[in-house]
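Undergrad: A predicted structure for the sequence below; I have some questions about it.
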Amino acid sequence: MRDLLRYSIVFLITLALSYALLYTGIWALTTIAGLVATVTFSREYLKAAISSFIGGITSSGLFLYLNYAVFGGPVLEVAYYAGAVAGIPGYTFLLLTFLLTGIYCVIGSIIGVFVRKIIHKH
């Protein structure tokens with residue numbers, strides 16, 4: 001039960017921070033979200049990676065959904081144009097967007113667990 005609560009908190013912190021950091025336009029900053037969440041609450045690599053990945057994907061979906069609700073269709077249209085410039089279909093571009101956010105959060109979470117283990121070792 002404690003682990004469920006702990007990793008739910010990791011998920012929520014990752015979700016909130018990565019959602020806020022997505023507005024900067026720099027995807028790599030979402031690593032900070034995974035790092036902060038896991039340094040404070042996580043102890044295991046696999047559970048931290050899973051909860052951070054799900055938090056990152058959810059934040060990316062929330063980001064896209066809320067921007068679509070506010071701005072309407074042009075947000076998806078811009079994604080399709082960006083995909084066309086990259087030479088891939090729009091759906092593939094959106095899928096890569098979700099996966100990259102999740103992967104960056106996982107990278108941050110792995111670093112965060114490592115830092116936590118170093119801190120608590122000494």
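TA: That came in fine, so what should we check first?
Undergrad: At which residues are the helices of the protein located?
TA: Secondary structure of the chain (DSSP state H): helices located at 2-22, 30-41, 45-71, 74-86, 90-121.
Undergrad: how about a markdown table for these, with mean pLDDT added?
TA: Converted to a markdown table, these look like this (pLDDT from 0 to 100):
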| stretch | mean pLDDT |
| --- | --- |
| helix 2-22 | 91 |
| helix 30-41 | 91 |
| helix 45-71 | 90 |
| helix 74-86 | 83 |
| helix 90-121 | 92 |
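Undergrad: Which of those helices has the highest mean neighbour count?
TA: Mean neighbours per residue, mean count of other CB atoms under 10 Å, is largest over the helices of the chain for helix 30-41, with a mean of 24. C-beta here means a position set from N, CA and C on the backbone, and glycine is covered the same way.
Undergrad: which residue packs closest to Gly83, ignoring adjacent ones?
TA: Nearest residue to Gly83, sequence neighbours excluded (CB to CB, 6 or more residues apart in numbering): Phe93, at 3.2 Å.
Undergrad: Check whether the one you found really touches Tyr80, as I assumed.
TA: Yes: at 7.4 Å, Phe93 and Tyr80 qualify as touching, with contact defined as CB atoms under 8 Å.
Undergrad: Please list all residues in contact with the most centrally placed residue in the chain.
TA: By CA atoms, centre = their mean, the chain has its centre lying nearest to Gly56, at 2.1 Å. Residues near Gly56 by CB atoms under 8 Å, 6 or more residues apart in numbering: Thr14, Leu15, Ser18, Thr30, Ala33, Gly34, Thr101, Gly102, Ile103, Tyr104, Cys105, Val106.
Undergrad: Look up how far Ala84 lies from the third one.
TA: Relative to Ala84, Ser18 is positioned 26 Å away (criterion: CB to CB, to the nearest Å).
Undergrad: any idea how far Val85 is from the nearest residue to the residue nearest to the centre of the chain once chain neighbours are set aside?
TA: With sequence-adjacent residues excluded and distances taken as CB to CB, 6+ apart, Gly56 is closest to Cys105, at 3.3 Å. Distance, Cys105 to Val85, using CB to CB: 26 Å.
Undergrad: got it, and Thr14?
TA: 30 Å.
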